[in-house]
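1. Output the structure for:
(2 chains)
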2 protein chains.
Amino acid sequence: MPPWQGLWVLEMTEDITCEQAAALLRGWDHILVLSHTSPDGDTLGSAAALIRGLHRLGKQASFACSEEPDRKYEYLFEGIPHHKDAIRHVVTVDVADKCLLGSLEREYGDRVELAIDHHGTHKEFSEKKWVEPASASTTEMIALLLETLGVKLDKPMAGSIYTGLTTDTGCFRYRNVTPRTHRVAAQMLEAGADGGEINRKMFESKSRRQVEAERRVLDTMEFFCEGKCAMAFVPQLIYRETGAVESDLDGVATLPRQVEGVILGITLKERESGEIKVSVRSNPPANAAKLCEKFGGGGHPGAAGCSFPKGTMQEIGKKMKEACKAYLKEIE
Amino acid sequence: MPPWQGLWVLEMTEDITCEQAAALLRGWDHILVLSHTSPDGDTLGSAAALIRGLHRLGKQASFACSEEPDRKYEYLFEGIPHHKDAIRHVVTVDVADKCLLGSLEREYGDRVELAIDHHGTHKEFSEKKWVEPASASTTEMIALLLETLGVKLDKPMAGSIYTGLTTDTGCFRYRNVTPRTHRVAAQMLEAGADGGEINRKMFESKSRRQVEAERRVLDTMEFFCEGKCAMAFVPQLIYRETGAVESDLDGVATLPRQVEGVILGITLKERESGEIKVSVRSNPPANAAKLCEKFGGGGHPGAAGCSFPKGTMQEIGKKMKEACKAYLKEIE
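-> From the prediction side, this is the model:
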């Protein structure tokens, strides 16, 4: 075998189906499930539900993520061990790119045997992958997988799956919702998920400092391109003056797009490291992922992001404004 | 027959089932469907879907409401006539009380043959009523009714039903959502409803003046009862200074309850007439309807309202604060 052929084989990712993924998992034990960095309700809900399902099948399974999940997700992981066992197999959930493993990339980036993901922008890194961009959330896929594995859902599993459904669809609000999304939601409520309580935790519970910080962000909003674009800024100053922390402002990315006529809503967040994180939300015909790809980022058509390790907020803001103008010309 | 017996018969409302309601409608023609005053997505979506269904069955059916619906609901009524025909039968949808017919009460208040409603606080006024408090929205009931009538849904009907589902559940967020709510939503998407677009119109599209007005309302927020209650004020001044109109601030009633720890969120709106409209949103164990009933209002356990024809905002605010304190003692 010529050397390039071995290399080529190593680099190929095999596409598999839900049934094949289930067959793989049936044959495995000592499984580590990895979530992506800046973990959200979908990657965490997927991991929690899958791990509980594997436990139900009598397998050892544990969880790891490069960052500590926000306190509001604690209920997902009650009783689930952080990775400790001898690990024989590594699975990622909702991870669209190896680099999104964060600090765990070095240890596990080349050991992932199965990637389960719903991102259309998924960049292959695993041995096998089951990727379904038509799924509104990765937990929607996990629901199918557990059904295929013959796992009877309990309340914690159902709650975890519901959490991913609701957080990745803005509470069933966005265009990514399909009839199947609603049917899976119905099944999860029947299996014991407390939808009202989960949604309250995910969307309706804001601390006073968070309310104050959001109000401050609204004050920064600027409009350009004849009102088709809006941009909001989250400088570190806002955190310092309100006592808010980064996760308090997870929701602000949706604010600029909410304004009538805006098809590209941009939010710039200054991180403590000085890095500028850009979140883009779009309405058709604009495509947030297309805009972010120009800066090495990605995501979904309606919601995407990119980041800039260097530069002031003003500089990055100017750069993004120019990119928006150019992009609007492209699509007009 | 003694005179009191006739009176008694007149005053009784007969409870009927979905099937009986369908049978009635099958036998009728020239039907007027009435929505409640301050019309929302559920009463309008119910009316629009029912009227279209009746048209499909070859019947004359038309619509009336004491107030002009907000422009954002226009899509529901394309091609539906305002009442004009000779009217032989009157049906109300989502109307919990005769007085909610507003200026139409005098003409139709005593002529309603069928009331279709999902409010637990429904006060009988019609000859027959089909009331299902377990339904998240009245459109959820209309979906069943049209199915029972054998009407095949088209895109406008499905969109109308979806509109009521999503607006009365805060986009599938609240505790009133059941598995059936999600299943009906799935059916509506399959029948052509554009959920993403409807939700954008209902929840995500704010004018700049609306964003500014909301920001101003946030500034008025006060906390009391150790942070268990929050109160926001919408004086006429805000409308004057931002150019916002009343319907621009429909959503602010949910803001006070969003703050962590708040179980009673109160919003006072000053109307042009000087009347003070109070909206209450609650989290368990508080019950918004119970609080509002003390002032002759009503609604759902999580969302209710009452109004005061006289008094300044400060006076009503003080009165509501005292009522909140007393109510919290009751339930503690």
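2. which parts of the stretch 201-332 of chain A sit against chain B?
-> For the stretch 201-332 of chain A, the contact set with chain B under Cβ under 8 Å from any Cβ of the partner chain comprises A:203-208, A:211, A:215, A:218-219, A:221, A:223, A:254, A:257-260, A:283. The C-beta positions use only the backbone N, C-alpha and C, and glycine is treated the same way.
3. One more: the stretch 51-200 of chain A?
-> Contacts of the stretch 51-200 of chain A with chain B, taken as Cβ under 8 Å from any Cβ, map to A:166, A:170-183, A:185-187, A:189-190, A:195-197, A:199-200.
4. The nearest residue to residue A:207 once chain neighbours are set aside: neighbour count?
-> Leaving aside its sequence neighbours, residue A:207 sits nearest to residue B:260 (Cβ to Cβ, 6 or more residues apart in numbering or on different chains; 4.8 Å). Neighbourhood size, residue B:260 [other Cβ atoms under 10 Å in any protein chain shown]: 13.
5. Correct me if wrong: residue B:260 contacts residue A:208.
-> Yes. With contact defined as Cβ atoms under 8 Å, residue B:260 reaches residue A:208; the gap is 7.3 Å.
6. hmm, back to that, now, the residues of the stretch 51-200 of chain A next to chain B that are in strands?
-> Members of these lying in strands (criterion: DSSP state E): none.
7. Which parts of chain A are strands?
-> A:14-15, A:31-34, A:61-64, A:89-93, A:112-117, A:128-131, A:222-224, A:229-234, A:264-270, A:276-282, A:298-299, A:303-308.
8. I'd like those strands as JSON lines, with distance to residue B:127 and mean neighbour count appended.
-> Shown next, in JSON lines, are those (distance: least, Cβ to Cβ, whole Å; neighbours: other Cβ atoms under 10 Å in any protein chain shown):
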{"stretch": "strand A:14-15", "distance to residue B:127": "62", "mean neighbour count": "11"}
{"stretch": "strand A:31-34", "distance to residue B:127": "60", "mean neighbour count": "26"}
{"stretch": "strand A:61-64", "distance to residue B:127": "60", "mean neighbour count": "21"}
{"stretch": "strand A:89-93", "distance to residue B:127": "56", "mean neighbour count": "26"}
{"stretch": "strand A:112-117", "distance to residue B:127": "57", "mean neighbour count": "24"}
{"stretch": "strand A:128-131", "distance to residue B:127": "57", "mean neighbour count": "21"}
{"stretch": "strand A:222-224", "distance to residue B:127": "54", "mean neighbour count": "14"}
{"stretch": "strand A:229-234", "distance to residue B:127": "52", "mean neighbour count": "25"}
{"stretch": "strand A:264-270", "distance to residue B:127": "51", "mean neighbour count": "24"}
{"stretch": "strand A:276-282", "distance to residue B:127": "50", "mean neighbour count": "25"}
{"stretch": "strand A:298-299", "distance to residue B:127": "55", "mean neighbour count": "22"}
{"stretch": "strand A:303-308", "distance to residue B:127": "50", "mean neighbour count": "20"}
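9. closest to residue B:264 out of those?
-> Nearest to residue B:264 among those is strand A:229-234 (30.7 Å), distances taken as Cβ to Cβ.
10. same for that closest one, what does it pack against?
-> Strand A:229-234 makes packing contacts with helix A:208-219, strand A:222-224, strand A:264-270, helix A:313-331 when contacts are defined by 3 or more Cβ pairs under 8 Å, 6 or more residues apart in numbering or on different chains; DSSP states H and E.
11. at 10 Å what do you get?
-> Here strand A:229-234 touches helix A:208-219, strand A:222-224, strand A:264-270, strand A:276-282, helix A:313-331, going by 3 or more Cβ pairs under 10 Å, 6 or more residues apart in numbering or on different chains; DSSP states H and E.
12. Residue A:213 reaches residue A:242, doesn't it?
-> Yes. Counting by Cβ atoms under 10 Å, residue A:213 touches residue A:242, with 4.3 Å between them.
13. Can you check which residues contact both of the two?
-> Common neighbours of residue A:213 and residue A:242, using Cβ atoms under 10 Å, 6 or more residues apart in numbering or on different chains, are A:207, A:248, A:249.
14. Now, the residues of the stretch 51-200 of chain A next to chain B that are in helices?
-> Residues of these located in helices (DSSP state H): A:166, A:179-183, A:185-187, A:189-190, A:195-197, A:199.
15. Which one of the strands of chain A has the poorest average confidence?
-> Mean pLDDT values for those show the minimum at strand A:298-299, a mean of 86.
16. Tell me how many other residues crowd residue A:102.
-> Count around residue A:102 with other Cβ under 10 Å applied: 16.
17. same question, residue A:134
-> Residue A:134 has 12 nearby residues by other Cβ under 10 Å.
18. which ones are touching it?
-> So residue A:134 contacts A:118, A:120, A:140, A:141, A:176, A:178, A:180, A:181 (Cβ under 10 Å, 6+ apart).
19. likewise residue A:291?
-> Here residue A:291 is in contact with A:264, A:266, A:278, A:280, A:282, A:297, A:299, A:304, A:306, A:320, A:323-324, A:326-328, A:330-331 (Cβ under 10 Å, 6+ apart).
20. hmm, back to that, and which of the ones in helices among the residues of the stretch 51-200 of chain A next to chain B is nearest residue A:127?
-> Looking across those and measuring by Cβ to Cβ, the closest to residue A:127 is residue A:180, at 27.4 Å.
21. And the closest one, how close does it get to residue B:169?
-> Computed as Cβ to Cβ, to the nearest Å, the residue A:180 to residue B:169 distance reads 19 Å.
22. Those two - which one has more neighbours?
-> Neighbours were counted for residue A:180 and for residue B:169 using other Cβ under 10 Å; residue B:169 has more, 26 against 16.
23. ok, that one touching residue B:185?
-> Yes. Under the criterion of Cβ under 10 Å, residue B:169 makes contact with residue B:185 at 9.2 Å.
24. how near is the nearest residue to residue A:190 once chain neighbours are set aside to residue A:195?
-> Distances taken as Cβ to Cβ, 6+ apart place residue B:179 nearest to residue A:190, at 4.9 Å, with adjacent residues excluded. In this view, residue B:179 and residue A:195 are 10 Å apart by Cβ to Cβ.
25. where do the contact lists of the two overlap?
-> A:185, A:186, A:188, A:189.
26. quick one, what contacts the first one?
-> Remark: with contacts taken as Cβ under 10 Å, 6+ apart, residue A:185 is in contact with A:136, A:140, A:143, A:158, A:161-162, A:165-166, A:169, A:172, A:177, A:193, A:195, B:172, B:177, B:179, B:181-183, B:185-186.
27. Appreciated, that's everything.
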